[in-house]
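>>> build me a model:
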Amino acid sequence: IDNIWSYEVVLRAGLRLHSLQVGAPIRAVEFFWGTKAKRPECMQDPFDVIFCSEVIYEATLHDKLLQTLHEVSQIGTVIYFAYKRRGLGEDKFMEDLRKNEGFKIRKIPENFFYEKLRNNDIHIVKATRIL
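Residues are numbered from 1 along each chain as shown. Okay, the predicted model is just below:
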């Protein structure tokens, strides 16, 4: 996919398909971290599950991301992070999520990964909010 419009079309089609399969609405909305006052209506209540893929590579945005994840979660919320380790503060982010935001962190072993993702320095982490 070579442009954002194509990506959005594919994303929305996938969401519609998965909504039909699970029998419940699945929504994707644009939201900029750290903008609590400008939250879309569908983001007023805490989420049960949050998926984050390739969002922790920019250390200068970690504080805003941590703040936002804390605001949109509640005790029991599970957040899955998928990322490639690049040495750009990923470990510090996970430690801050654990220590400062009250999440239990568990790395998913590679043997649970799709085979093509194994041995590529890809990490999947399950973070469960406990405080």
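>>> contacting residues around the spatially most central residue of the chain?
Closest residue to the average C-alpha location of the chain: Cys52 at 1.8 Å, with C-alpha atoms, centre = their mean. Each residue near Cys52 by C-beta atoms under 8 Å, 6 or more residues apart in numbering is listed here: Ile79, Tyr80, Phe81, Ala82. Bear in mind the C-beta positions are built from the backbone N, C-alpha and C, glycine included.
>>> what about the helix or strand harbouring it, distance to the chain center?
Assignment of secondary structure by DSSP states H and E places Cys52 within strand 49-53. How far strand 49-53 lies from its chain's middle: 3 Å, per C-alpha atoms, centre = their mean, to the nearest Å.
>>> and the next helix or strand past that strand?
Strand 49-53 is succeeded, C-terminally, by helix 62-71 (DSSP H and E).
>>> per-residue confidence at the residue nearest to Phe103 when sequence neighbours are not counted?
Nearest residue to Phe103, sequence neighbours excluded (C-beta to C-beta, 6 or more residues apart in numbering): Ala127, at 4.3 Å. Listed pLDDT for Ala127 reads 97.
>>> sorry, back to before: so which bits of the strand holding Cys52 are buried?
Neighbour counts over strand 49-53 (16 or more other C-beta atoms under 10 Å) mark Ile50 as buried.
>>> so where's the longest helix in this protein?
Longest helix of the chain, by residue count under DSSP state H: helix 4-22.
>>> report all helices and strands that that one contacts.
The contact analysis (3 or more C-beta pairs under 8 Å, 6 or more residues apart in numbering; DSSP states H and E) places helix 4-22 against no helix or strand.
>>> tell me the average confidence for it?
Mean predicted confidence for helix 4-22 is 70.
>>> so that it lines up with my notes, have the first residue be 358 from now on.
That works, and once the first residue is 358, the last one we named lands at helix 361-379.
>>> so which elements touch the one helix or strand Asp453 maps to?
Asp453 is part of helix 447-458 when elements are defined by DSSP H and E. Packed against helix 447-458 by the contact rule (3+ C-beta pairs under 8 Å, 6+ apart) you find helix 419-428, strand 460-464, strand 479-486.
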